[in-house]
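Colleague: please work out how this folds:
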Amino acid sequence: MVPSVLIVDDEKHTREGLQQALEDNYDVSVAANADEAFNLLDAQPFDVVVTDLRMPGKSGLKVIDKALALPQRPAVLMMTAYGNIETAVEAMKRGAVDFLTKPVNIERLEVLIQRALRTKTLEVEVSQLHERLDEKFNFAHIIGHSAKLQEVLARVKLVAPSKATILVEGESGTGKELIAQAIHQASPRNRGPLVAVHCAALSENLLESELFGHERGAFTGANERRIGRFESADGGTLFLDEIGEISASTQVKLLRFLENKTIERVGGTKSIELDVRLVAATNRNLEQLVREGKFREDLFFRLNVVRITMPPLRERADDVPLLLAHFLKLFSEENKTPLLTLEPGAVRTLQAYAWPGNIRELRNFCENAVVLHRGGGLSEYDLDPKFRGGAPAAAGAAASSGAPAANPLSIEENEKRVLREALIKSRGNRTQAAKLMGISRRTLHRKIAQWPELDVVD
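Modeller: This is a model prediction of the structure:
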């Protein structure tokens, strides 16, 4: 599509000369004054506006204001025969991307138009990226409707707009980083950077340099100054995962930042003031670490301004079907395979499983299932024995509360009993037995291979 340019100038020979010079490469419109320009800007969008400064009536500065107040903002270039520093500064303050003096050099004008178009394209791409991030980390895209998850999301909505430090705790794989991303996106800092650091993945010396940066010569191999993650997150959010793994010396430096919002690079003496919101996460009990002398109590209190506890998946059994449907669709689309569906029995079995690896384990199960089965349906008999042998979450909760446990037979024993009864009823006809059980003949064969003693029907 040909870029559109609006030329605004009260001198007829100037605007018509610029139109003729540019019309081979651009869709050019002209206006003799600000009012004509306003009408054209209201009637259609332009990619670039090139406006004179001094004109009868409203000045070119008013054209800049009008153009940049539009929903689809064009890039604006200012030109004038009265060029001076003050005029250029004022035009740039209003939002002009560059400044030309008359008589206009056509080659320079074309260079500036191309530069303005690239800047405008970049701004659109950044805006679209932010929109996609807002959508991706919107609370509506955090999967689940269980009461415990809704409690977490309500707390996130409450604290995200604040400047408070937040501690997210929970078992591995419960989605702590996703919550940190949602906090950032729901905060006034969402146009700033979100920088994540996994503290346990780095050694003590490497972590300090990674977080705080270092000066040249600070240690062997430090051949140049390095900007750390804190400085990279200035104006945004820093997410420190596995905060319980950091060393005593790093704890001291982190405490200093939380107390006075300044850091020092490794090997440096200059204090650097930063505007960074800290979100920390841990799968360990920090209070226990404090009692054991492995974590500073004052740092714990500084981190624990607002605490958000992520429930394990076994306490969110109602969310398992939704998560399964989401990830199966995701991986089917990624692998360009037909959608893999789960039969009701398989869903019930997976819902009853304890998921010790939480959402990370469920996600891995879904990807594995999509890759290996490549579409079709999956029954409970197609599942790995570990899923079929687990006690239902509800039953586990009943046991912990002292209530009588239900279903005294294991799932595997129940399967064997049902399969044997189907073979007896069908007098050994495997096709008929599969129909009686509501499973495929292939699944039946696999079960008989697993339990060969069932192939002998009395």
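
Colleague: do a quick rundown of the helices in the stretch 151-300 of the chain.
Modeller: 176-185, 204-212, 229-232, 248-260, 286-291, 297-303 (DSSP state H, counting those that start in this stretch).

Colleague: need the residues that contact the last one.
Modeller: If I follow you right, that is helix 297-303. Helix 297-303 is contacted from outside by 165, 167, 243, 251, 254-255, 258-259, 278, 280, 286-287, 290, using CB atoms under 8 Å, 6 or more residues apart in numbering. Placement of C-beta: from N, CA and C, glycine included.

Colleague: how about a cut-off of 6 Å?
Modeller: 165, 167, 251, 255, 258, 280, 286, 290 (CB atoms under 6 Å, 6 or more residues apart in numbering).

Colleague: buried set for the helix or strand that comes right after that helix?
Modeller: Per DSSP states H and E, the first helix or strand lying C-terminal to helix 297-303 is strand 306-309. Neighbour counts over strand 306-309 (16 or more other CB atoms under 10 Å) mark 306, 308 as buried.

Colleague: and strand 306-309, what does it pack onto?
Modeller: strand 166-169 (3 or more CB pairs under 6 Å, 6 or more residues apart in numbering; DSSP states H and E).

Colleague: one more pass at 8 Å, please.
Modeller: helix 147-159, strand 166-169 (3 or more CB pairs under 8 Å, 6 or more residues apart in numbering; DSSP states H and E).

Colleague: ok, back up a step: Gln150: which of the helices of the stretch 151-300 of the chain is closest?
Modeller: Ranking those by proximity to Gln150 (CB to CB) places helix 176-185 first, at 13.1 Å.

Colleague: what sits up against that closest one?
Modeller: Contacts for helix 176-185 (CB under 8 Å, 6+ apart): 133-134, 137-139, 142, 152-153, 156, 159-160, 166, 168-170, 190, 194, 196, 236-237, 239, 241, 277, 279, 281, 283, 308, 310.

Colleague: highest mean neighbour count out of the helices and strands packed on strand 306-309?
Modeller: Highest mean neighbour count of the helices and strands packed on strand 306-309: strand 166-169, a mean of 23 (counted as mean count of other CB atoms under 10 Å).

Colleague: what mean pLDDT would you report for it?
Modeller: Summarised as a single mean, pLDDT over strand 166-169 is 97.

Colleague: ok, now stretch 270-285?
Modeller: 94.

Colleague: okay, now it: how far is its last residue from its first?
Modeller: End-to-end distance for stretch 270-285, by CA to CA, to the nearest Å: 35 Å.

Colleague: return the distance of that stretch from the chain's centre.
Modeller: 19 Å (CA atoms, centre = their mean, to the nearest Å).

Colleague: run through who's touching that stretch.
Modeller: Under CB under 8 Å, 6+ apart, the answer for stretch 270-285 is 163, 165-172, 176-177, 180, 183-184, 187, 189, 230-231, 233-245, 257-258, 261-265, 303.

Colleague: just the buried residues of the residues you listed.
Modeller: 166-171, 176, 180, 183-184, 187, 189, 230-231, 233-234, 236-245, 257-258, 263-265, 303.

Colleague: if I look at Ala352, how far off is Arg446?
Modeller: 21 Å (CB to CB, to the nearest Å).

Colleague: scratch that, Phe219 is what I was asking about
Modeller: Taking CB to CB, one finds Phe219 at 59 Å from Arg446.

Colleague: ok, Glu333 next?
Modeller: 28 Å.

Colleague: and if you look at Arg115?
Modeller: 65 Å.

Colleague: and for Ser209?
Modeller: Distance check for Ser209 against Arg446: by CB to CB, it reads 54 Å.

Colleague: higher neighbour count, these two?
Modeller: Ser209 (22 against 13; other CB atoms under 10 Å).

Colleague: show me the contacts for Met92.
Modeller: Per CB under 8 Å, 6+ apart, neighbours of Met92: Phe99.

Colleague: can you pull the phi/psi pair for it?
Modeller: Per-residue torsions, Met92: phi -70, psi -40 (degrees, to the nearest 10).

Colleague: so which strand or helix has Gln72?
Modeller: Using DSSP H and E, no helix or strand contains Gln72.

Colleague: burial of the nearest residue in space to it that is not next to it in sequence, as a residue count?
Modeller: Excluding its sequence neighbours, the residue lying closest to Gln72 (CB to CB, 6 or more residues apart in numbering) is Pro45, at 4.4 Å. Residues lying near Pro45 (other CB under 10 Å) number 12.
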